[in-house]
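In: heads up, no residue letters with this:
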């Protein structure tokens, strides 16, 4: 009888030690997974911060550029009125005032086309042991639109089309029904 109790005691002890070992290993894996996710968040935040610094520098450069003033002079109607709509893509900008569209074609003015985008990449792990690379994009069209909005006033809404390759700016409504 004592032998049987001893065997059962050893079996229970073995089972408890095994369960403790498994829970310890599981807790270690969970901590490792949380550390990986924390690093992923830091990498994403760093990429977003770098992209924002680059975007801010582009907006500042475009805002202070005489070429931006030349573009605005061309697409505006020559009066004090701002265009109701401004469209910017990689090959130029156009402004519509009272149905009349005026365009500034980069090629015609020997201005290089706006590059598609600059990517700030980072890696993250949506599933354990699976690394995926994603990017934060900064498009020159969007930066030029933001610079124009700062020059003309905050009266414009900005809409990105075709994954940001075309930017449409519209005057915000001031009259409502």
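Out: Everything's here; your move. Every value quoted in this text rests on a predicted model; they were computed, and no experiment measured them.

In: ranges for the helices of the chain?
Out: When secondary structure is read from DSSP state H, the chain shows helices at 2-63, 66-75, 140-152.

In: and of those, who's closest to residue 82?
Out: Minimum separation from residue 82 across the helices of the chain (Cβ to Cβ) falls at helix 140-152, 5.2 Å. All C-beta spots, glycine's among them, are computed from the backbone N, C-alpha and C.

In: ok, the spatially most central residue of the chain - contacts?
Out: With distances taken as Cα atoms, centre = their mean, the chain has residue 136 as the residue nearest its mean C-alpha position (4.4 Å). By Cβ atoms under 8 Å, 6 or more residues apart in numbering, the contact list for residue 136 reads 44, 47, 48, 50, 51, 119, 120, 121, 122.

In: check contacts around residue 172.
Out: Under the criterion of Cβ under 8 Å, 6+ apart, the neighbours of residue 172 are 155, 156, 157.

In: over to residue 143?
Out: Counting by Cβ under 8 Å, 6+ apart, residue 143 touches 55, 58, 59, 62.

In: and the contacts of residue 172, which of them are buried?
Out: residue 156 (16 or more other Cβ atoms under 10 Å).

In: using a markdown table, lay out the contacts of residue 172 together with pLDDT.
Out: Formatted as a markdown table, the entries for these read as follows, by pLDDT from 0 to 100:
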| residue | pLDDT |
| --- | --- |
| 155 | 88 |
| 156 | 91 |
| 157 | 90 |
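
In: ok, of the contacts of residue 172, which one's closest to residue 20?
Out: Each of the contacts of residue 172 was checked against residue 20 using Cβ to Cβ; the closest is residue 157, at 60.4 Å.

In: next, count neighbours for residue 40.
Out: 18 (other Cβ atoms under 10 Å).

In: use 594 as the first number for this chain going forward.
Out: Let's use 594 as the start, then, which means that last one is residue 633.

In: test my guess that it contacts residue 717.
Out: Yes. With contacts defined as Cβ atoms under 8 Å, residue 633 counts as touching residue 717 at a distance of 4.0 Å.

In: now the chain, which segments are flagged as low pLDDT?
Out: In the predicted model of the chain, residues 594, 709, 721 satisfy pLDDT under 70.
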